[in-house]
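Participant: need coordinates for the below:
(one chain, ligands or ions: 2)
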Amino acid sequence: MFDTTNVVIYQDNNANGVVDAGDNVITYLDEVAPDTTRNILVVSDIPSSQINGQVAGIVLTAQAAAGGGAGSQGAVLTATAGANTAGIDNVLADGAGATDAANDGKSSVKGDYTVLAPVLSPARMIFTASSGCALA
Ligand SMILES: [Ca+2]
Ligand SMILES: [Ca+2]
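Facilitator: Ligands and ions are numbered 1, 2, ... in the order given. Okay, here's the model as predicted:
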């Protein structure tokens, strides 16, 4: 196991699975409409000291937050405690994810980076120059 460095999250605006000029760095998803999805990309640097087969785990957790303020992150939503109230109740009905519990307003997934470095074998190439052979 190892840790990646320089973790950056992009919103993949054209949903092509790669970072393009039109994709922007994000720290939260702004104003996600109900029942819609956004594509994101997690990009990290892998230290060059890593060897073949080493793994770095990544956990990505989404947290439900209040909407209505485009361009700023809303307050974290929490479930209304107790029985039905006379006002507006927050009811969180999310499932349990990789590291979060059911009904906690979070959804988490795990991924990993596995180093797959090519294995190079030393080889020797012998060139013999003889008269009349031009070397560039
Ligand atoms: Ca893209
Ligand atoms: Ca959850």
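
Participant: where does this structure dip in pLDDT?
Facilitator: In the predicted model, the chain carries pLDDT under 70 at residues 118-136.

Participant: repeat that with 50
Facilitator: Residue ranges of the chain with pLDDT under 50: 133-136.

Participant: show me which residues of it are close to ligand 1?
Facilitator: Within the chain, the positions lying close to ligand 1 (Cβ under 5 Å from the ion) are Asp12, Asn14, Asn16, Asp20, Asp23. C-beta: built from backbone N, CA, C; applies to glycine.

Participant: mind giving me the ChimeraX select for these, buried ones only?
Facilitator: Applying 16 or more other Cβ atoms under 10 Å to those leaves a buried subset, and the ChimeraX line that selects it is:
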select :12,23
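
Participant: now, the most widely separated pair of the residues of the chain next to ligand 1?
Facilitator: Across those, no pair lies farther apart than Asn16 and Asp23, at 9.0 Å, counting by Cβ to Cβ.

Participant: what helix or strand is Ser44 located in?
Facilitator: For Ser44, the element it lies in under DSSP states H and E is strand 40-45.

Participant: three-state assignment of the residue lying closest to Thr99 once chain neighbours are set aside?
Facilitator: Excluding its sequence neighbours, the residue lying closest to Thr99 (Cβ to Cβ, 6 or more residues apart in numbering) is Ser108, at 4.6 Å. What DSSP: H, G, I helix; E, B strand; the rest coil gives for Ser108 is strand.

Participant: around Ser108, how many other residues sit close by?
Facilitator: 16 (other Cβ atoms under 10 Å).

Participant: contact partners for it?
Facilitator: When the contact criterion is Cβ atoms under 8 Å, 6 or more residues apart in numbering, the partners of Ser108 are Val59, Leu60, Thr61, Ala62, Gly97, Ala98, Thr99, Asp100.

Participant: count the neighbours of Val18 for me.
Facilitator: Residues lying near Val18 (other Cβ under 10 Å) number 10.
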